[in-house]
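**Student:** Build the 3D model from these lines:
(2 chains)
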2 protein chains.
Amino acid sequence: MTVPGLPMAVPARDLPSRVRIHEVGARDGLQNEKKTVPTEVKAEFIRRLADAGLTTIEATSFVHPEWVPQLADAERLFPMVGDLPVALPVLVPNERGLDRALALGARRVAVFASATESFAKANLNRTVDEALAMFDPVVSRAKAADVHVRGYLSMCFGDPWEGAVPVPQVVKVCRALLDMGCDELSLGDTIGVATPGHVVALLAALDEADVPPSVLGVHFHDTYGQALANTLTALRQGVTTVDASAGGLGGCPYAKSATGNLATEDLVWMLRGLGIDTGIDLGRLVATSAWMATHLGRPSPSRTVRALSHEDTEEQ
Amino acid sequence: MTVPGLPMAVPARDLPSRVRIHEVGARDGLQNEKKTVPTEVKAEFIRRLADAGLTTIEATSFVHPEWVPQLADAERLFPMVGDLPVALPVLVPNERGLDRALALGARRVAVFASATESFAKANLNRTVDEALAMFDPVVSRAKAADVHVRGYLSMCFGDPWEGAVPVPQVVKVCRALLDMGCDELSLGDTIGVATPGHVVALLAALDEADVPPSVLGVHFHDTYGQALANTLTALRQGVTTVDASAGGLGGCPYAKSATGNLATEDLVWMLRGLGIDTGIDLGRLVATSAWMATHLGRPSPSRTVRALSHEDTEEQ
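**Tutor:** Here you go, the predicted structure:
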């Protein structure tokens, strides 16, 4: 239901005037989809996201095709969208991935570390320190090529094997990634268990360790419905970069409409209500996510997409 | 997925140490369900909610059976749960409804007003002032019988016909309800369009008009995914009563898993993470909502219920 004038824009104190949305739907959102999405559809998805006003759109991942079969078409996809007037970061796990990305002219790359040993082992088959050692030449070579480097850090709040993750442990890996040369970090709540007090505690500890909000993005998953409340909390602490996924894509593909990342639309609704400029056309964004949902064969888990697109009204 | 020790409890500054949850699933959650839920199932639902630790459970509504057919069994239901050691408020629209509730020994009633003329007309077929005049004898007679009275106020932020609702208009009706003798008010974001700045603005204006947070509850709908962020904002402003619906029941029954009220489980997850005591057993609550979802024939829209119950893992 679209009602003109809603949400009403009422700025709140202690919030930034601008927020940059780092759109991860095309990469983080799609990577766990079992059904292969055609490269043309991915390219069209990225084009539509750019058309809706998103300015940073993570495009794909140059990991080994066997790791993430869904993104095995990176070489073909990237050139199809490379001329869009937006930033198109890509994931690179190692030097080989960096070579592939640089060969295609990528200007922004991202490495992905873990705050916990268990997930480092599960995701990278390495210890945390071994993974950092693997990223070190990637980051230095990227920087030498004047390429912007983002460092993702997974499991910053909780870990399915280890439970709550101690704040100092996260701070330590963040510092290492920055010292290595990363330009920005993205704090991932990979299993969605964070709550606002924990967010404040982590951001405060990072700030004390000279990791200020200006180099941070936050990446909340909505597994327990906490993503937007946590994001609001991070904005209050001075963070201005927020990761979000169009339509809430991502998460576990085995659970119907299981929630994954914070939905970009729900974030945009809040920011619009707060009078915070994003430059995004919410109607176009919703239409894009509804279109993608038809390709994936299930409704978007985003509340805002459902409310504004009526995509599932006849399923009852 | 249940992981011991999660969410980690990290208190945040400027939040209350206790929060009272006003559970509305059995009334607000069910009232729009088309398929009649058997009275025995409703009674069992309320019993299980009490067993999970909820202490205020809105039980039913003494409106004319033709208005809300789903709750036409109020006379039969209320005595089935009346001996539970919890507060069991019931909705009463007029003196006739109050008579029915008092005859069954109800100790808490609620009237429901509108902040907008359009919704007063649609819901009560009266102007705002005519509706208040109708409630006046209900409230005074309830107070004379030493019965606690809650005043619901719908459309406090946006209205589907009128758009954004001016803050002074809401303040005026709140004042009128309190002057009439209501013990507490519940501010309803009936169409779910509120955002945090608007919440702060309304609560500040109410405080200035001598309507302090201590007499207020907040009632957010999750239509655009904003309910928990808005609730967090209200808690920061000193509100300690929050309306929520087990499993996120409520909303439009024509859209599959359309989101209605803030899900109690998602709220409890956040409060637990914030170290705020609610006395609620989250596992039992999730099991109750999963059980109710099977009766309604569709998965709960609550993120936390989905994450912890795996109720829909095989639907893919």
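
**Student:** In stretch A:113-130, which residues are buried?
**Tutor:** Judged by neighbour count (16 or more other Cβ atoms under 10 Å in any protein chain shown), stretch A:113-130 contains these buried residues: A:113-117, A:119-121, A:123-124, A:126, A:128. Any C-beta I mention is one placed from the backbone N, CA and C, and that applies to glycine too.

**Student:** Out of these, list just those in strands.
**Tutor:** Counting by DSSP state E, those place A:113-114 in strands.

**Student:** how about the buried residues of stretch A:113-130, which pair is most distant?
**Tutor:** Greatest spatial distance in the buried residues of stretch A:113-130: A:115 and A:126, 13.7 Å, computed using Cβ to Cβ.

**Student:** who's in contact with the residue in the stretch 51-200 of chain A that chain B sits nearest to?
**Tutor:** Here the stretch 51-200 of chain A gets closest to chain B at one residue, residue A:195, 2.5 Å apart by Cβ to the nearest Cβ. Shown in contact with residue A:195 (Cβ atoms under 8 Å, 6 or more residues apart in numbering or on different chains): A:226, A:229-230, B:7-8, B:10, B:269-270, B:272-274.

**Student:** Format those residues as TSV; extra columns: neighbour count.
**Tutor:** Shown next, in TSV, are the contacts of residue A:195 (neighbours: other Cβ atoms under 10 Å in any protein chain shown):
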residue	neighbour count
A:226	32
A:229	28
A:230	28
B:7	25
B:8	21
B:10	20
B:269	28
B:270	27
B:272	18
B:273	29
B:274	23
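
**Student:** Put together TSV for the residues you listed, with pLDDT on each row.
**Tutor:** Shown next, in TSV, are the contacts of residue A:195 (pLDDT from 0 to 100):
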residue	pLDDT
A:226	98
A:229	98
A:230	98
B:7	96
B:8	94
B:10	96
B:269	98
B:270	98
B:272	97
B:273	97
B:274	98
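
**Student:** so which of these comes closest to residue A:172?
**Tutor:** Of all these, residue A:172 sits closest to residue B:8, with 17.6 Å by Cβ to Cβ.

**Student:** ok, now how distant is that closest one from chain A?
**Tutor:** Distance of residue B:8 to chain A, computed by Cβ to the nearest Cβ, to the nearest Å: 4 Å.

**Student:** what's the distance between the closest residue to that residue other than its chain neighbours and residue B:189?
**Tutor:** Nearest residue to residue B:8, sequence neighbours excluded (Cβ to Cβ, 6 or more residues apart in numbering or on different chains): residue A:164, at 3.6 Å. Distance of residue A:164 to residue B:189, given as Cβ to Cβ, to the nearest Å: 33 Å.

**Student:** the more surrounded of these two?
**Tutor:** The neighbour count for residue A:164 versus residue B:189, taken as other Cβ atoms under 10 Å in any protein chain shown, is higher for residue B:189 (29 against 19).

**Student:** ok, that one - contacts?
**Tutor:** Counting by Cβ under 8 Å, 6+ apart, residue B:189 has contacts B:156-158, B:218-221, B:227, B:230.

**Student:** Go through the residues you listed and single out the one with the most neighbours.
**Tutor:** For the contacts of residue B:189, the largest neighbour count, defined by other Cβ under 10 Å, is 33 neighbours, found at residue B:227.

**Student:** Was I right to think that one contacts residue B:218?
**Tutor:** No - look at residue B:227 against residue B:218 with Cβ atoms under 8 Å: they stay out of range, at 9.3 Å.

**Student:** which intervals of the stretch 51-200 of chain A have sub-threshold pLDDT?
**Tutor:** Along the stretch 51-200 of chain A, no part satisfies pLDDT under 70.

**Student:** Helices of that one, residue ranges please.
**Tutor:** For the stretch 51-200 of chain A, the helices defined by DSSP state H, counting those that start in this stretch cover A:74-81, A:95-103, A:117-124, A:128-144, A:167-180, A:196-208.

**Student:** burial of the nearest residue to residue A:100 once chain neighbours are set aside, as a residue count?
**Tutor:** Of all residues not flanking residue A:100 in the chain, residue A:62 sits nearest, at 4.5 Å (Cβ to Cβ, 6+ apart). Look at residue A:62: counted by other Cβ under 10 Å, it has 26 neighbours.

**Student:** Now do the helix or strand that contains residue A:229 and helix B:227-236, the angle between them.
**Tutor:** Assigned by DSSP states H and E, residue A:229 belongs to helix A:227-236. In terms of direction (axes from the mean of the first three to the mean of the last three Cα atoms, to 10 degrees), helix A:227-236 departs from helix B:227-236 by 50 degrees.
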